[in-house]
Structure formats: structure tokens, C-alpha cells
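Asks: Provide a 3D model corresponding to the input given below.
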Amino acid sequence: MNTIDHKDFEAVIGLEVHAQLLTESKAFAPVASQYGEAPNTQVTPLCLGHPGTLPLVNENLVRYIIKMGLATNCTIAPKSIFARKNYFYPDLPKGYQISQYETPICANGYIDIEVEGYTKRIGITRIHMEEDAGKSIHDQDPYNTLVDLNRAGTPLIEIVSEPDIRTPQEAYAYLSKIKQIVQYLEVCDGNMEEGSLRCDANVSVRPRGREKFGTRTELKNMNSFRNVEKAIDFEIYRQIELIESGGEVVQQTRLWDTSKMETRIMRSKEEAHDYRYFPEPDLPPIIVTKELLEGVRAELPELADVRQERFIAEYSLSEIDAVTLTENRYLADFFELLVQKSGQVRLSVSLILSEVLRVLNEQSISIQEFTIGIDRLSELINLRASDKISSSAQQTIFNAMLNDSGSAQELAEKLNLIQVSDTGYMDELVQQIIAENPDEAERYREGKKQLMGFFVGQIMKASKGKANPKMATDLIRKYLD
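Replies: Presented below is the predicted three-dimensional model:
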């Protein structure tokens, strides 16, 4: 990735994020909208654009967008209307998309992002409701474009930021925060690869210090957070170099080409008037009553920022550990359940951050798909807390639990990893090791305290790793100090 070193210019970036909602049915039709089903199996006459069909608003579409608006500090409009966004495309059989235009239900919000050591507030212009179009498929038939209308009518919210973003890194942080919020609210799964979270970027550059915006381009076809960052970075440089060479930036829509790692022109950029917006005649206005607003507000979960502060205060976590554990709502829930069950904060944090996250990354799974339950992990932690197993034995047992349904105790016994803490046995063993190493014992008494490691090592060797090292250390001090 390039480094922004054109000190005479700055970028102005705004993001438009579409989040597909986790409702059981579509925005305006009583039919499922599940990802991955056979083409054209989740459709109704309304989805197909048949004449005379009438839309009906999905109540959860309204409740979910109010949740998002409240979570992003927006003003919720008491009355908003739907609009028709008119354009022709093969996967839009009605010839228009039901959206909102002049009266979005959520407006004038903000979120705070953390990036490269500083905090920045990014304004949110609006969040509005709309339905998705279908999907055109170009790579399954050598002669024809195929159309799958399963996605047509899927409920979306569009989150439009203010042009407050200045770097690709800020764009990445903003997008990550939006994903975190929709996942915490459980209104969207945030999966960019499956298209349930999509992002378009408006990018322009201007001489540093000038208030007037430059000519912007819109970037599309960015299917991952890193691709958003890379595409914006490339486009900033393309525009700066074009201006510095005497050229002029043209307003247009550009696609991100992942194979060539560059943007390329798609079409000229549309303006709002190109869509001939007008009020949707078949849907009544959305009225948000005080009762509805307060009811949705009461459903809001504890969001990540608040949870981080509570974790730091309640569990005495470091900031970096609190941020890691609350990055995902379900991981934070998992941590709190494990602490509640085991009663061990420090050991729970250590096990999750070192072993559990390692497995999630290696297997590319979520914490919901993790195979070791809270009860089994709690038992493992308590074996360690009571010094019945060593830290290395804990790791060995954890790895065994991934493929064996046995309890931590059963696996510890099966693998012969229970530490010996019998006082009589340990006392006799320590005296034996001291007697067998008189020179080292004398040097220890003379002040060579680093020989403690030698004695503990000899005891662990003689016991075949079963001796409790803490008890061994205490007994060595008893006889040599």
C-alpha cells in the first residue's frame, strides 16, 4: 500500500454502507431471504414485478433501523416516507427500487473511531431503509447473463457517512466499527464476502487547506475491508497524480479490480435526479411513536465501547485485553460466562486470548462454532487454579479436548498429567535431590539463588514431570534457605 506523502493534497472520503438485515422475511413481501438457496426459489409475484402486487412493510425492518439509528446517535424522525428510485436493470423487474429519499428515518448521527493512536468522530448523514435488487450472473453461461431474484426485496439499511474521513486507514476503522455495531445489535451478520455488508466509497482530493471539495469518484466492487482500504488508497494516488500532471478528475463510478489492484472506469456517476425519485404511492408513511421508540431503546444491548470500560473496571483488564475481548459480542459473552462458571478472571483471559483465539484463527471459525463448551473449559481452568496441572499440561489437555469429548479431569488422568502434591512424597523427593547434589546445595546456600531452577528441574525430571513445581520450590527454600 502506498504511503500518503503528497503533502500538498488531502483526501476527502465518504462511505455508503449497505447492511442486509437479519429478518426472517423480505422487506415488503412474506417470503424468506436466506443466503445460498437455489436460484429463484425465494420469490413472490411482488419480487418478480407482477402488475397489481402490493408491498407490505416488514415490522422488523423498522425496528432494526431504529436500533441502528439509536446506536449511532442519530435523530429518529417521527414521520418518514418511502420513495421509488427508478432505474432499469435486468435484475430489477419492477423497474424501481423502494427506498427513502427526502425523509430518511435516521439522520445527523456519529460514531467515534480509534485509528493509529488517535480518536476521531465521523458524522453520519443519514440511515435509510430500502430493498435490494436481484443478482446478475455472468460466469455460468458463455452466451447469456443469468438472473437470480432471490435477493430482490431483501431488507437493507444504507448508512451514509459525512465526508469526514481523510485516510484509507480511517475508512477501514470506520467500516470495522459499523460492522461491530450491527453485529452487537444482531441486525446484520456483517459478512462482506457473502454480500450482507457492502461498501461504496466516494473519494476526492483537494489542495490542503482548501474548503471546497474536489470532483469525486464512486468506488464499487470492494468485497473485503482490506480491499476497501486498498481501493481508496489507489484512487487517492490516481487523482493526485492526474491533477499534478495537468489532467482533470471526472465524476464517474469506478470498479476495484482485485487482480490488477487498481480502479477502472465503470460508467459516469449518476446524480439523484437521474433516478426520478418520487413518493411510493403503495406504502403509508412510517410513524415512530414515543412508545415504539422507547420500546426499541429498551432492547439495545450493551455496546462494545461501554462494555470495554466495564471490563476494565469490573475485571481489572488492560485496555488492549478489554478491546480484544469485546471486539465481537459473542466472544465477550463467552468470556463473561467462563468467568462466571470458573470464578477465575486471569486464567479465563489467558486461556481465551492464547488458546481459544488461536483455534478460531487456525480453523477460520467463529466463537459460536467453537467445539469446547463453557463447562469443560471451566473444569480445565480450575485444575490449573488448584495446581493439579501445570501450565504446559493445561495446553496439552486443551489441545486434546478439541478432538476428545472427555472432561478435563478424565483427559488429565488419561495423559498422566496430574501433578503430584502429596506432602510426604514431595518432602522425601526434595531431600533426595539435595543429597544427590551437595556441591550445588552448598553454592545455593552461599548466595547462588539462580540454582533454584536447577533443583526444580532435577525434581521434575525425577518425578517424570508430575511434581508440583510450586511445592517443590517451597520445599527447596525450606531446606536450603
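
Asks: distance check, Thr44 against Met68.
Replies: Thr44 sits 26 Å away from Met68, going by Cβ to Cβ, to the nearest Å. (C-beta placed from N, C-alpha, C; glycine too.)

Asks: that should have said Leu331, apologies.
Replies: From Leu331 to Met68 the distance is 21 Å (Cβ to Cβ).

Asks: so what strands line up beside the strand ranked longest in the chain?
Replies: Criterion DSSP state E: the longest strand present in the chain is strand 118-131. Using DSSP bridges, the strands paired with strand 118-131 are strand 106-115 (antiparallel), strand 155-161 (antiparallel).

Asks: and Leu331 and Met68? Which one has more around it.
Replies: When Leu331 and Met68 are compared for neighbours, Met68 comes out ahead with 24 against 20, by other Cβ atoms under 10 Å.

Asks: so how far is the helix or strand encompassing the more buried one from its chain's centroid?
Replies: In this assignment (DSSP states H and E), Met68 forms part of helix 59-71. Its chain's C-alpha centre and that of helix 59-71 lie 19 Å apart, by Cα atoms, centre = their mean, to the nearest Å.

Asks: show me what the following helix or strand past the longest strand of the chain is packed against.
Replies: Sequence-wise, the next helix or strand downstream of strand 118-131 (DSSP H and E) is strand 135-137. If you count contacts as 3 or more Cβ pairs under 8 Å, 6 or more residues apart in numbering; DSSP states H and E, strand 135-137 packs onto strand 146-148.

Asks: which other helices and strands does the strand it packs on contact?
Replies: Secondary-structure packing of strand 146-148 (3+ Cβ pairs under 8 Å, 6+ apart): strand 135-137.

Asks: so what touches the strand it packs on?
Replies: Tyr89, Pro90, Asp91, Thr145, Leu146, Val147, Asp148, Leu149, Asn150, Arg151 (Cβ atoms under 8 Å, 6 or more residues apart in numbering).

Asks: now with 7 Å, please.
Replies: Counting contacts by Cβ atoms under 7 Å, 6 or more residues apart in numbering, the residues outside strand 135-137 that touch it are Pro90, Asp91, Thr145, Leu146, Val147, Asp148, Arg151.

Asks: isn't the fifth one up against Pro90?
Replies: Yes. Taking Cβ atoms under 7 Å as the contact criterion, Val147 and Pro90 are neighbours in contact, 5.4 Å apart.

Asks: out of those two, which sits in the busier spot?
Replies: Each of Val147 and Pro90 has its neighbours counted (other Cβ under 10 Å); Val147 has more, 17 against 11.

Asks: ok, now how distant is that one from Cys47?
Replies: Relative to Cys47, and taking Cβ to Cβ, Val147 is found at 12 Å.

Asks: what residues are up against Ile165?
Replies: Per Cβ under 7 Å, 6+ apart, neighbours of Ile165: Ile13, Gly14, Leu15, Ile122, Ala171, Tyr174.

Asks: report the beta-bridge partners for it.
Replies: Assessed by DSSP bridges, Ile165 has beta-bridge partners Ile13.

Asks: in the stretch 151-300 of the chain, which spans are helices?
Replies: Along the stretch 151-300 of the chain, counting by DSSP state H, counting those that start in this stretch, helices occupy 168-185, 225-244, 290-299.

Asks: tell me which of the ones you listed is the most buried.
Replies: helix 168-185 (a mean of 22; mean count of other Cβ atoms under 10 Å).

Asks: which helices and strands does that helix pack with?
Replies: With contacts taken as 3 or more Cβ pairs under 7 Å, 6 or more residues apart in numbering; DSSP states H and E, helix 168-185 sits against strand 9-20, helix 59-71, strand 106-115, strand 197-207, helix 225-244.

Asks: can you add mean pLDDT and distance to Glu319 and give these back as a markdown table?
Replies: What follows is those, written out as a markdown table (pLDDT from 0 to 100; distance: least, Cβ to Cβ, whole Å):
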| stretch | mean pLDDT | distance to Glu319 |
| --- | --- | --- |
| strand 9-20 | 96 | 27 |
| helix 59-71 | 97 | 22 |
| strand 106-115 | 96 | 10 |
| strand 197-207 | 95 | 27 |
| helix 225-244 | 94 | 23 |
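
Asks: so which of those gets nearest Ala472?
Replies: Among these, strand 106-115 comes nearest to Ala472, with 45.4 Å by Cβ to Cβ.

Asks: can you redo the strands paired with strand 118-131 as CSV with mean neighbour count and distance to Asp274?
Replies: Output for the strands paired with strand 118-131, formatted as CSV (neighbours: other Cβ atoms under 10 Å; distance: least, Cβ to Cβ, whole Å):
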stretch, mean neighbour count, distance to Asp274
strand 106-115, 18, 23
strand 155-161, 24, 17
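
Asks: out of those strands, the one nearest Ala77 is which?
Replies: Across the strands paired with strand 118-131, Ala77 has its closest neighbour in strand 106-115 (6.9 Å, Cβ to Cβ).

Asks: list of residues touching the closest one?
Replies: 65, 68-69, 72-77, 119-127, 169-170, 173-174, 177.

Asks: same thing but 8 Å
Replies: Contacts for strand 106-115 (Cβ under 8 Å, 6+ apart): 65-66, 68-69, 72-77, 119-128, 167, 169-170, 172-174, 177-178, 181, 305.

Asks: rebuild the contacts of Ile165 as TSV, extending it with distance to Tyr96.
Replies: Shown next, in TSV, are the contacts of Ile165 (distance: Cβ to Cβ, whole Å):
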residue	distance to Tyr96
Ile13	29
Gly14	25
Leu15	25
Ile122	31
Ala171	31
Tyr174	30
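
Asks: for the spatially most central residue of the chain, which non-adjacent residue is spatially closest?
Replies: For the chain, Gln180 is the residue whose C-alpha lies nearest the centre (Cα atoms, centre = their mean; 4.8 Å). Nearest residue to Gln180 in three dimensions, chain neighbours excluded: Ala304, at 5.5 Å (Cβ to Cβ, 6 or more residues apart in numbering).

Asks: and the gap between Tyr444 and Val456?
Replies: Counting by Cβ to Cβ - Tyr444 and Val456 are separated by 12 Å.

Asks: those two: which has the busier surroundings?
Replies: Using other Cβ under 10 Å as the criterion, Tyr444 and Val456 rank with Tyr444 on top: 22 against 18.

Asks: test my guess that the more buried one contacts Pro438.
Replies: No. Checked against Cβ atoms under 8 Å, the pair Tyr444 and Pro438 is beyond contact range at 10.6 Å.

Asks: hey, C-alpha coordinates of stretch 184-196 in PDB?
Replies: Provided in PDB are the C-alpha atoms of stretch 184-196 (Å, rounded to 0.1, in the frame of the first residue of the first chain):
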ATOM      1  CA  TYR A 184     -23.700  -6.300  18.600                       C
ATOM      2  CA  LEU A 185     -27.300  -5.200  17.700                       C
ATOM      3  CA  GLU A 186     -27.800  -8.600  15.900                       C
ATOM      4  CA  VAL A 187     -29.400  -6.800  12.900                       C
ATOM      5  CA  CYS A 188     -26.800  -8.000  10.300                       C
ATOM      6  CA  ASP A 189     -24.100 -10.700  10.400                       C
ATOM      7  CA  GLY A 190     -21.600  -8.300   8.800                       C
ATOM      8  CA  ASN A 191     -20.300 -10.800   6.300                       C
ATOM      9  CA  MET A 192     -18.800  -8.800   3.400                       C
ATOM     10  CA  GLU A 193     -17.800 -12.000   1.500                       C
ATOM     11  CA  GLU A 194     -21.500 -13.100   1.300                       C
ATOM     12  CA  GLY A 195     -22.600  -9.600   0.500                       C
ATOM     13  CA  SER A 196     -24.600  -8.900   3.700                       C
END
